[in-house]
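Visitor: just a sequence and a predicted model for now, questions to come.
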Amino acid sequence: MQIVTLKKNTLIRHFIFLLILAIGFGTVVISQNAHTETAEVKLYYVDAQMLRLIPVKTQIPQMSTQKMAQRIADELVEGCDDNPKIRRIIPNVKHGIKVKVLDRIAYVDIKQELVDKHPDGRDLELLTVYSIVNSLTGLDGVVNVRFTIDGKRQKDFKGYIDMRETFIPDYFI
């Protein structure tokens with residue numbers, strides 16, 4: 001009788017040990033699966049000679065199209081200063097670009113402060129506009145881009161490109 005009780009107690013202890021072990025591993029597995037999914041996007045930056053756009057692949061968290069579009073705009077404003085093959089063209093102005101996506105169109109509102117700090121020149125203006133357009137239209141759900149400056153449709157950015165147009169990507173710039 002005493003041997004049966006001893007075996008029962010040993011079995012119960014092993015069962016509890018295995019249960020605790022299983023719960024511990026279960027927690028580890030659950031936390032490993034909790035990682036955020038990412039999406040690969042292309043951000044178009046200006047090359048070091050400031051002559052053309054270069055696509056740079058990067059990973060951003062998988063979110064709604066709206067949030068991903070804003071994240072892309074923030075990344076473009078933040079720049080990629082650690083890469084010697086590209087240069088910053090969009091001035092680093094906090095919250096300088098706001099993006100709203102509606103009916104497959106990205107509505108991009110640029111702060112006047114960012115426009116004022118932007119370098120002059122037709123080619124630089126063209127590179128900036130298409131850096132934004134090409135990057136945003138790479139997202140599923142964005143086909144065109146429209147711009148406003150401080151919430152208003154403007155005739156031009158800094159005197160060269162008609163900003164009243166609806167833009168489509170141009171990967172040859």
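Guide: Thanks, I have the structure now.
Visitor: so, low pLDDT: which residues of this structure?
Guide: 1-35 (pLDDT under 70).
Visitor: now do the helices in it.
Guide: 2-32, 65-78, 112-117, 122-136 (DSSP state H).
Visitor: tell me which residues in the third one are buried?
Guide: Taking 16 or more other C-beta atoms under 10 Å as the neighbour-count basis, helix 112-117 is seen to contain the buried residues 114, 115. (Each C-beta comes from the backbone N, C-alpha and C, glycine too.)
Visitor: starting at the chain centroid, how far to that helix?
Guide: When C-alpha coordinates are averaged (C-alpha atoms, centre = their mean, to the nearest Å), helix 112-117 and its chain have centres 22 Å apart.
Visitor: please list the outside residues in contact with it.
Guide: Under the criterion C-beta atoms under 8 Å, 6 or more residues apart in numbering, residues 77, 90, 91, 93, 96, 97, 149, 150, 157, 158 lie in contact with helix 112-117.
Visitor: filter those down to the buried ones.
Guide: 77, 90, 91, 93, 96, 97, 149, 157, 158.
Visitor: check the residues you listed against residue 49 and report the nearest one.
Guide: residue 90 (17.0 Å; C-beta to C-beta).
Visitor: for the closest one, phi and psi?
Guide: phi -90, psi 120 (degrees, to the nearest 10).
Visitor: may I have the residues that are in contact with it?
Guide: By C-beta under 8 Å, 6+ apart, the neighbours of residue 90 are 76, 77, 79, 96, 97, 114, 118, 128, 131, 132.
Visitor: with residue 37 instead?
Guide: 61, 62.
Visitor: that one and residue 102: what is the separation?
Guide: Residue 37 is 24 Å from residue 102, where distance means C-beta to C-beta, to the nearest Å.
Visitor: also residue 137?
Guide: Taking C-beta to C-beta, one finds residue 137 at 15 Å from residue 102.
Visitor: give me the more crowded residue out of those two.
Guide: residue 137 (22 against 9; other C-beta atoms under 10 Å).
Visitor: surely that one is in contact with residue 145?
Guide: Yes: in this structure, residue 137 is within contact of residue 145 by C-beta atoms under 8 Å, at 6.5 Å.
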